[in-house]
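Enquirer: structure for the following, please:
(one chain, ligands or ions: 1)
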Amino acid sequence: MKSPNGKFYAWRMGLKAGCEVAIMKDYKLKILLTGSTGMVGKNFLEHPKCLEYCIIAPSRQELNLLDYGSVEKYIRHHKPDFIIHAAGLVGGIQANIERPVDFLIDNLDMGRNLIGASLQAGIKQVINIGSSCMYPRNREEALTEDMVLCGQLEPTNEGYALAKVTITRLCQYITAQYPGFFYKTLIPSNLYGRWDKFGQTNSHLVPAIIDKLHRAVVNKQTEVVIWGDGAARREFLYVGDFADCLHRAIAKFDTLPMLMNVGLGYDYSVYDYYRAVANVVGYTGEFVYDLTKPVGMARKLVNISKAESWGWHSRSKMEEGLRKTYAYYLKHVFND
Ligand SMILES: NC(=O)c1ccc[n+]([C@@H]2O[C@H](COP(=O)([O-])OP(=O)(O)OC[C@H]3O[C@@H](n4cnc5c(N)ncnc54)[C@H](OP(=O)(O)O)[C@@H]3O)[C@@H](O)[C@H]2O)c1
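Expert: Numbers count the residues shown, from 1 in each chain. Next up, the predicted model:
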């Protein structure tokens, strides 16, 4: 089978990361996806819309984004029509506190290399993935896209946030300076779901709670410790919904805003998440609070007006997302 640019592709339905995937009919776009082995990348690849594209999804072994020379060569060789940058060094609060140097340098270098090489190779359409950590800390109101760089960042993940802000600005500068180039950024809230990390050292809140409460049930614990007082509020979007938004962003790239939040538009307290996960996994014990632990921002909620005007909103309710994630955890993680 031959694509419009003359290359041959294997017909693979497995959508495995690190391979080239093609469809039998129209090649609308050749898309390069970074971070294909990560949570966002795998959920993107699992989406049925992938069958409409020719997707190049290199693993880190095939394309190390920290090596500019390799990135430039790879992009020049494959000449994608479109790039989605979903690679990054991503971790929970403890990992960010312990390794701020890695979170700053790795994310900055990966983004700089990929975006710089894309510009050099003349790639006109890029979707960069930012993070709601880019916003100022402790704002009660929902965070709008124009609030980036309008206040102090949360110190517990400042290195990661600085890298994300810099690459987002780089994308905006390129779009402003080079006519015909559109490097846009989506800013997802916290994400959870299939292919998440569930360990207690490098995971985010929701998968960490699932793992903690499932183990509490298995070990017949009557008490589980919550970091802080449980009052901090967080917004977690089911990652399948984010993958859905990414696919819509490709299909409707022309109307996609330059910078757009992607979230639920409402949030829950940490305690609410514990309660909801307890219902899903069947934990009936008590919760106790460790007030010596760091809890990060009091609130972090993104404003989704732009996404709604653009025509997108999330579909999965919290309980539904948690149930799907727990089913994934039981099948792929706990028994590994
Ligand atoms: N997870 C969230 O809650 C969340 C929220 C907001 C924004 N985001 C953003 O969404 C994007 C994807 O996050 P995620 O949750 O999918 O992260 P993830 O599961 O940790 O995946 C990260 C991906 O980046 C790849 N990667 C890391 N270093 C690399 C390198 N040097 N060269 C090439 N690839 C490299 C990883 O490859 P390996 O598998 O080889 O490590 C993996 O495929 C990131 O930009 C993140 O900042 C995530």
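
Enquirer: which of the helices or strands spans the residue nearest in space to the middle of the chain?
Expert: Central residue of the chain (Cα atoms, centre = their mean): Val40, 5.0 Å from the mean position. For Val40, the element it lies in under DSSP states H and E is helix 39-46.

Enquirer: what residues are up against the closest residue to Asn190 other than its chain neighbours?
Expert: Spatially, and ignoring its direct neighbours in sequence, Asn190 is nearest to Phe236 (4.7 Å; Cβ to Cβ, 6 or more residues apart in numbering). Every C-beta, even on glycine, is put in place using the N, C-alpha and C of the backbone. With contacts defined as Cβ atoms under 8 Å, 6 or more residues apart in numbering, the neighbours of Phe236 are Ser189, Asn190, Leu191, Tyr192, His204, Leu205, Val206, Leu264, Tyr268, Tyr273, Met318, Gly321.

Enquirer: picking up where we left off before, what pLDDT does the residue nearest to the centre of the chain get?
Expert: Looking at Val40, its pLDDT is 98.

Enquirer: tell me if I'm right that it and Asp244 touch.
Expert: No: Val40 lies out of contact with Asp244 (Cβ atoms under 8 Å); the separation is 11.8 Å.

Enquirer: picking up where we left off before, pLDDT at the residue nearest to Asn190, what is it?
Expert: We have a pLDDT of 97 for Phe236.

Enquirer: what about it, distance to the ligand?
Expert: Note on Phe236: its distance to the ligand, by Cβ to the nearest ligand atom, to the nearest Å, is 8 Å.

Enquirer: before we move on, what about Gly321?
Expert: Counting by Cβ to the nearest ligand atom - Gly321 and the ligand are separated by 13 Å.

Enquirer: how near is the residue of the chain found nearest the ligand to Ile127?
Expert: The nearest approach of the chain to the ligand comes at Gly38, 2.0 Å away (Cβ to the nearest ligand atom). As judged by Cβ to Cβ, to the nearest Å, Gly38 and Ile127 stand 15 Å apart.

Enquirer: more crowded one of these two?
Expert: Ile127 (22 against 19; other Cβ atoms under 10 Å).

Enquirer: double-check that the more buried one belongs to a strand.
Expert: Yes: per DSSP: H, G, I helix; E, B strand; the rest coil, Ile127 lies within a strand segment.

Enquirer: next, the contact list for Trp310, please.
Expert: Here Trp310 is in contact with Lys252, Thr255, Leu256, Pro257, Met260 (criterion: Cβ under 8 Å, 6+ apart).

Enquirer: what's the answer for Asp241, then?
Expert: Here Asp241 is in contact with Ser314, Arg315, Ser316, Gly321 (criterion: Cβ under 8 Å, 6+ apart).

Enquirer: quick one: which of those residues is nearest Phe287?
Expert: Comparing the contacts of Asp241 against Phe287 with Cβ to Cβ places Gly321 closest, at 21.2 Å.
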